[in-house]
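>>> Next input, structure requested:
(one chain, ligands or ions: 3)
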Amino acid sequence: MALVAATLDHVGALDGAKNAESEHRMASVQHDASGGIVFLAIDKKSLDAIGVWPWPRELHAQVVTALADLGATEILLDIDLSTASDSRSDTILVDALQKQGGVVMLPAFKQAGGVHAEEAAETTNLPLAMFRTHSWLVSVNVTPDADGRVRRYPFGQLIADEDVPSAASTLSGVFGTPSTSFEVNFGLRQDSVSRYSVVDLLEGRIPPEKIAGRSVVVGAHAIELGDRFSVPVHGILSGPMLHILAAETLAAGIAPVRLAAWPFLALIAVIAVGAALSPLGGRLRWLIGLYALLAAASEAGGHVLFARTALELPSAIMILALAVTSLVMMARELDLRWWLVRLATTQSTNMHRVLRRIITDSSDAIVVVDEKGTVIEMSRRARELFEIDGQERRLAETVPPEMAAQAQAAMVAFRNGDVEDPGPHELAFRRGEDTVRIEYTVTPSRLQRASRTQHALDDVVVGCVTARDVTLTRAQEARLDHMARFDELTGAMNRAEFLARLRSSLETGTGHAVFALNLHRFKTVNATLGRQVGDDLLRAFVKRIELTDPHLAEVARLGGDTFALFCAEADRLTAGLMGEGLITSLSQPYRLGGSSARTGIRLGIAIQADAGDTAERLLVQAELALDEARQTAGDGSRFFDAQSSERHARLRNLERALWSSIQNDEMFLVYQPQIRLAGMTVIGAEALVRWRHPEFGMVSPGEFIELAEGNGFIEELGRWVLERACRDALRWPAGTTVAVNVSPLQFQRSDVEHDVTQALEASGLDPQRLHVEITESMFVSGAPELIGTLERLRSLGPSLALDDFGSGFASFGYLSSLPLDKIKLDRMFMQDVAEGGANAAIVRSVRMLTAELGLTLICEGIETADERDVIRAIGVDQGQGYLFGKPMPQDDFVALFATDVTRDAS
Ligand code: C2E
Ligand code: CA
Ligand code: CA
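Ligands and ions are numbered 1, 2, ... in the order given. Coordinates of the predicted model:
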């Protein structure tokens with residue numbers, strides 16, 4: 001600002017201010033004239049008295065003479081004498097001038113050109129030479145400033161190549177460089193200058209002492225004469241008066257001297273920078289106070305300085321610079337504040353927006369509420385959760401009452417500084433048809449809000465209620481819990497849950513019976529019929545257990561096909577009866593999809609012997625009993641006895657020993673003859689595998705086939721049986737057949753087609769002589785690829801026989817569509833066939849069916865001649881059973897052909 005002010009000053013832009021300041025100062029510091037110069041005015045009064053203008057020159061001569069007589073030391077005759085008048089008058093004046101010799105000064109001046117071009121040249125206006133000879137020449141030119149006011153007065157002027165001192169210089173006796181000027185101090189009062197009218201002088205009315213020893217300026221003062229200047233303070237000043245005031249200024253040495261502004265501006269700048277850097281610098285009011293002080297000091301100082309020395313301090317410029325600086329500073333400060341306010345508002349708006357978004361879009365339901373229970377904010381999820389359409393304003397109408405109460409309590413507790421249960425709380429409420437379960441927390445917090453009534457901040461407590469729909473989560477948890485305790489497929493308990501219940505039941509009573517149940521050969525069912533049918537069977541099985549005996553309603557599924565039950569009050573007798581009831585009920589056929597299925601049941605029973613029996617021990621005992629039951633043919637149950645454990649161990653041993661049984665040459669085949677009933681001739685034999693275990697002795701296939709199927713050894717065993725049977729049959733009479741049992745698991749796990757080809761090629765047996773026996777359960781699933789396999793197998797030459805027909809998953813419907821040659825009716829149908837029971841009818845219908853389909857029918861398990869007769873009477877093609885021959889070593893079988901089998905049998 002100082003720099004700007006200095007620059008403006010330099011180019012004169014601040015002259016107006018400086019002039020105004022100067023005028024103000026001159027007006028306020030008044031001076032009296034010294035009195036050494038007297039103004040003899042050609043005023044109106046004089047003009048009126050004389051009557052003509054211009055005056056005849058002898059009148060001027062009179063004035064000069066009169067003044068000189070009164071003792072005037074110098075006379076400035078400020079009259080235009082540049083032209084001649086009548087020569088008499090001129091001569092009189094010349095004489096008067098000459099007489100007074102050197103007292104009179106005459107004016108010379110340059111006149112600026114007029115508006116017209118021919119007058120443009122400056123003209124020098126000098127008194128005529130005759131007047132000049134006896135007088136001094138003084139310049140009376142003054143140059144007004146641009147605003148038309150005269151402020152400066154020259155020391156002298158170059159007129160006609162001569163340095164002519166100015167009137168004021170000459171009158172005051174103070175001379176300076178001619179071409180320079182000084183400032184007139186208009187603080188000099190006009191009325192302190194002695195002034196007399198010319199007419200008074202001529203009529204002798206001026207006392208001599210007023211003139212003696214003084215300089216006199218004679219000149220026009222009348223308005224009519226037009227010699228006037230515009231000046232500061234006084235306004236209009238006549239020419240002579242201007243000369244007098246200028247002379248008085250010089251004489252008194254009070255010409256105002258304007259000091260250059262820049263050093264002061266620089267000083268202010270230094271002070272301002274210092275102040276800004278000081279610790280108070282940041283405080284606007286301090287700085288502005290300082291500036292005001294500086295301004296006042298410069299104003300007062302300027303006044304005092306001017307009064308004392310006529311030096312003019314550029315106070316106006318300094319004050320201007322300070323004022324503008326202050327204004328700029330204030331403006332900046334205001335601007336800064338405005339920005340700060342804007343910034344704060346923007347930040348809070350943004351924050352609010354972000355929070356609002358967070359609340360609105362939160363996956364949780366959020367309701368913000370104040371202490372009065374008015375809802376302030378609510379998330380979209382909350383609207384959905386609590387089904388709010390409009391603009392609910394009350395929490396109590398928005399959320400379930402229990403929740404609203406909890407929120408209210410939490411806020412009250414918070415305000416009182418009490419500890420409140422932070423939750424999460426859980427509650428369920430009805431929403432339309434559904435029950436919704438939510439988990440929620442209430443978080444109170446303290447906010448400050450501008451008070452409406454007072455100029456202060458109110459403490460406000462708000463509660464943020466965050467709720468989450470946990471309906472699904474809880475359902476899931478319940479499901480998981482259920483899954484952890486119950487079998488998903490059948491809904492039965494799992495082992496852990498069963499044990500837990502048994503344990504707690506054992507605590508309250510004695511006399512428990514624990515049952516372990518097994519579906520006989522379920523693995524096979526599952527593998528052949530497909531999982532779906534297997535699953536259906538398991539479900540149906542469990543359902544039936546539950547319906548069988550109310551005391552045994554709680555079923556546990558221990559493993560794939562093993563189940564457990566317990567009864568809290570049962571002795572050995574009742575447990576046995578219960579077991580029988582279970583077996584009877586569970587072996588009834590099951591309806592699965594389109595077919596009806598039967599399944600064998602094995603049952604193990606453990607009875608609580610003393611109060612020390614644990615749940616675990618009882619269950620293990622029941623399972624051991626079950627293991628034992630499984631080793632017996634047919635449906636059966638076993639009570640646990642101590643030896644059972646040994647049998648269990650035996651089973652594990654057998655399973656392991658299987659793998660080395662073939663290398664160790666422990667496996668061998670026996671053959672059971674098959675008879676054509678019409679004619680009673682041996683047509684072939686069924687190969688049945690036997691295992692001579694070095695430790696356990698003879699092991700039944702009923703025991704180890706299942707083990708082999710379970711551990712996969714069946715593949716290797718199956719291949720071995722096929723090859724051995726084919727090779728053995730080579731020793732039999734031509735046309736006899738050998739029937740080989742192929743486990744469904746072989747079909748599933750290995751390439752039976754390849755195995756059969758291999759066996760036939762290795763032995764060289766006529767493929768027509770090989771019969772492959774497969775259990776009927778294989779077909780129920782009706783998998784097209786299985787049918788394909790069987791067809792390819794049959795196209796190799798062997799016949800296909802359906803084994804154990806009617807024992808399990810009987811459905812006659814599919815028989816026609818399968819690539820079969822022979823049906824082997826299960827031996828259970830032989831039970832009461834001799835007495836002409838229901839089974840005879842079944843055999844009869846099966847006979848009709850197979851005849852219809854062009855299939856050979858063979859009946860198994862024929863033990864008596866009666867049975868054979870009934871069967872033969874029905875027209876069954878073939879028979880197999882102990883009656884005709886037990887499974888026998890190869891040599892014995894071959895020997896048969898030497899004797900007459902038919903005769904033996906009959
Ligand atoms: P299966 O195929 O039904 O074999 C017939 C079973 O009935 C044989 O028992 C046989 O000894 C028995 N049996 C024969 N006639 C009579 C009779 O008049 N009355 C009674 N009560 N039973 C009779 P085995 O040899 O113990 O075989 C049991 C099962 O083991 C067989 O039943 C068969 O499914 C399986 N099996 C035997 N050898 C093999 C084999 O080499 N491979 C495969 N995969 N399974 C075999
Ligand atoms: Ca068989
Ligand atoms: Ca059979």
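>>> Check which helix or strand the residue of the stretch 801-906 of the chain found nearest ligand 2 maps to.
Closest residue of the stretch 801-906 of the chain to ligand 2, C-beta to the ion: Asp803 (4.5 Å). (Each C-beta comes from the backbone N, C-alpha and C, glycine too.) Assessed by DSSP states H and E, Asp803 sits inside strand 799-805.
>>> ok, now Val843?
helix 838-853.
>>> next SSE after that helix?
Scanning forward in sequence from helix 838-853 by DSSP H and E, the next helix or strand is strand 856-859.
>>> Strand partners (parallel or antiparallel) of that next one?
With DSSP bridges as the criterion, the sheet partners recorded for strand 856-859 are strand 822-825 (parallel), strand 878-879 (parallel).
>>> so which of the ones you listed is the most packed in?
Each of the strands paired with strand 856-859 was scored by mean neighbour count; the highest is strand 822-825, a mean of 25, by mean count of other C-beta atoms under 10 Å.
>>> Quick one: mean pLDDT for that strand?
Averaging pLDDT along strand 822-825 yields 93.
>>> picking that back up, who's in contact with the helix holding Val843?
Residues outside helix 838-853 that contact it (C-beta atoms under 8 Å, 6 or more residues apart in numbering): 805-806, 812, 815-816, 823, 825, 828-833, 856-857, 859, 870-871, 874-876.
>>> Pull up the residues of the protein that are close to ligand 2.
Residues of the chain lying close to ligand 2 by C-beta under 5 Å from the ion are 741, 773, 803.
>>> coming back round to it: show the buried residues in the contacts of helix 838-853.
Buried members of the contacts of helix 838-853, scored by 16 or more other C-beta atoms under 10 Å, are 805-806, 815, 823, 825, 829-830, 833, 856-857, 859, 870-871, 874, 876.
>>> From those residues, list the ones also adjacent to ligand 1.
Among the buried ones among the contacts of helix 838-853, proximity to ligand 1 is found for none (C-beta under 6 Å from any ligand atom).
>>> Lowest-confidence entry in the residues you listed?
Leu815 (74).
>>> Based on its surroundings, how many neighbours for the closest residue in space to that one that isn't next to it in sequence?
Nearest residue to Leu815, sequence neighbours excluded (C-beta to C-beta, 6 or more residues apart in numbering): Leu853, at 6.0 Å. Counted with other C-beta atoms under 10 Å, residues neighbouring Leu853 total 14.
>>> Count the residues that sit near the nearest residue to His771 once chain neighbours are set aside.
The spatially closest residue to His771, leaving aside those adjacent along the chain, is Ala739, at 4.0 Å (C-beta to C-beta, 6+ apart). Applying other C-beta under 10 Å, we find 26 residues neighbouring Ala739.
>>> re earlier: next up, the contacts around the residue of the stretch 801-906 of the chain closest to ligand 2.
Contacts of Asp803 by C-beta under 8 Å, 6+ apart are 741, 773-776, 824.
>>> Ligand 1 next: which of these are close?
Counting by C-beta under 6 Å from any ligand atom, Asn741 from these sit close to ligand 1.
>>> Determine which two of the contacts of Asp803 are furthest apart.
The largest separation in those, counting by C-beta to C-beta, is between Asn741 and Glu776 at 12.9 Å.
>>> Comparing these two, which residue is more hemmed in?
More neighbours surround Glu776 than the other of Asn741 and Glu776, with 25 against 22 (other C-beta under 10 Å).
>>> so what's that one scoring on pLDDT?
Glu776 is given a pLDDT of 69.
>>> now Ala810
49.
>>> hey, what's Glu162 bridged with?
Under the criterion used (DSSP bridges), Glu162 bridges to Ile159.
>>> what number of residues lie near it?
So Glu162, with other C-beta under 10 Å, has 13 neighbours.
>>> That one and Val29: what is the separation?
As judged by C-beta to C-beta, to the nearest Å, Glu162 and Val29 stand 37 Å apart.
>>> Could you do Lys18 as well?
For Lys18, the distance to Val29 - C-beta to C-beta - is 16 Å.
>>> about what we covered before: now, which of the contacts of Asp803 sits nearest Ser596?
Glu776 (12.6 Å).
>>> Isn't Ala729 up against Arg769?
Yes. Applying C-beta atoms under 8 Å, one finds Ala729 in contact with Arg769, separated by 6.0 Å.
>>> quick one, which of the two is more surrounded?
Each of Ala729 and Arg769 has its neighbours counted (other C-beta under 10 Å); Ala729 has more, 25 against 20.
>>> quick one, what contacts that one?
Counting by C-beta under 8 Å, 6+ apart, Ala729 has contacts 684, 736-738, 763, 765, 769-770.
>>> separation between it and Gly684?
Ala729 is 8 Å from Gly684, by C-beta to C-beta.
>>> Now for the two: what residues contact both?
736-738, 769.
>>> Go through these and name the one nearest Asp200.
Distance to Asp200, by C-beta to C-beta, is smallest for Val738 among these, at 182.9 Å.
>>> ok so the closest one is a strand residue?
Yes. According to DSSP: H, G, I helix; E, B strand; the rest coil, Val738 belongs to a strand.
>>> you'd agree Ile601 is up against Tyr590?
No. Between Ile601 and Tyr590 no contact is recorded; they are 11.8 Å apart, counting by C-beta under 8 Å.
>>> where's the residue of the stretch 51-200 of the chain found nearest ligand 1 relative to ligand 3, distance?
For the stretch 51-200 of the chain, the residue closest to ligand 1 is Ala146, as judged by C-beta to the nearest ligand atom, at 135.9 Å. Ala146 is 142 Å from ligand 3, where distance means C-beta to the ion, to the nearest Å.
>>> Just list the residues touching that residue, thanks.
Per C-beta under 8 Å, 6+ apart, neighbours of Ala146: none.
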